[in-house]
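Participant: What follows is a protein structure lacking sequence information:
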């Protein structure tokens, strides 16, 4: 990215510097297309994964409004998709939000049953951002295609862990975000299968095949493409190694905290995600305690106005109230090592005990 950060030339300009920026942009688009098995013209760069999700959902629904105003999604989508369908609903679309089972999986039969002659779009997250559960997207996309329904998947969490062949998945639209595979923040991408109707949300110039106006961030896009290429090259080795570390962490925690619940247990999960629920433990208090000990983790819920609000994913998988408020997510990456895992396993029981309230009988 460094050589491109200094120039700041517009890739739409016709002078030599602009043509050089265009060449860098084209090279990045071709690199991303190779990873996805797509045509470069099917790659639309955005300002992040959330923008890509909203462009896919709202853009496709609006483009097909004359054919039908029904969309299908799930109860465990990223908020970018959930808020996008909320917007459509306020504008008169009918939205079906499919439930998931206790493992966090969508039932393909229920998905097929939800498709009607008015359905124009379905959006199902490939790998959940809170619990890491991987949905049977290829099967769901086949069911949608058989009914003439466009299919979008939020693949933001999947990049670097799962193979990104758009033909193998059979999707029409697919979203990515650069920072999830060690690329720059603020750069995303939407794959748009050739011929897929899509209405732009950001209008102005004709950049990105007329689907996303605004001068492209050439340096960021180059970083996105390079990071994605490296992540895909390293994926087989990294995914296997990190999955083993996740299992080691999971086994260690369960051995010391028998009443802990692993969210998504029994379902395919991303190698780098472990979501665990602890009864009678406020997750925000536990996160603060972990942070003070140099252990970085996240919660499956957000703290707002001094009270803990359980996440929509925890509710969707049916966690009981004591566990729902004590969800902790550990994220492992390519730099995570066995020593770090063993250190967390060793120290975690005492840290948990220091914040755990009285056990509910």
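Facilitator: That came through fine. Small disclaimer: the values here were computed from a predicted structure and weren't measured. Residues are numbered from 1 along each chain as shown.

Participant: contacts and neighbour counts: CA atoms only from here.
Facilitator: Will do.

Participant: Next, find the distance separating the residue lying closest to residue 165 once chain neighbours are set aside from residue 229.
Facilitator: For residue 165, ignoring the flanking residues on the chain, the nearest one in space by C-alpha to C-alpha, 6 or more residues apart in numbering is residue 36 at 4.8 Å. For residue 36, the distance to residue 229 equals 10 Å [C-alpha to C-alpha, to the nearest Å].

Participant: What residues are bridge-paired with residue 299?
Facilitator: With DSSP bridges applied, residue 299 shows beta-bridge pairing to residue 328.

Participant: Phi first, then psi, for residue 151.
Facilitator: phi -130, psi 130 (degrees, to the nearest 10).

Participant: can you pull up the bridge partners for it?
Facilitator: Legend: beta-bridge partners of residue 151 under DSSP bridges are residue 122.

Participant: Count the residues that sit near it.
Facilitator: Neighbourhood size, residue 151 [other C-alpha atoms under 10 Å]: 27.

Participant: Contact partners for the nearest residue to residue 250 once chain neighbours are set aside?
Facilitator: What sits nearest to residue 250 in space, not counting adjacent residues and going by C-alpha to C-alpha, 6+ apart, is residue 274, at 7.2 Å. The neighbourhood of residue 274, defined by C-alpha atoms under 8 Å, 6 or more residues apart in numbering, consists of 131, 132, 246, 250, 262, 263, 329, 330, 331.

Participant: same thing but at 10 Å, please
Facilitator: Residue 274 makes contact with 130-133, 243, 246-247, 249-250, 262-265, 328-332, according to C-alpha atoms under 10 Å, 6 or more residues apart in numbering.

Participant: Show me which positions of stretch 160-172 end up buried.
Facilitator: For stretch 160-172, the neighbour count (16 or more other C-alpha atoms under 10 Å) marks 160, 161, 162, 164, 166, 169, 170, 171, 172 as buried.

Participant: could you give the mean pLDDT of the helix ranked longest in the chain?
Facilitator: When the chain is scanned for its longest helix (criterion: DSSP state H), the result is helix 218-256. Helix 218-256 carries an average pLDDT of 97.

Participant: Stretch 48-62 now?
Facilitator: The average of the pLDDT scores along stretch 48-62 is 98.
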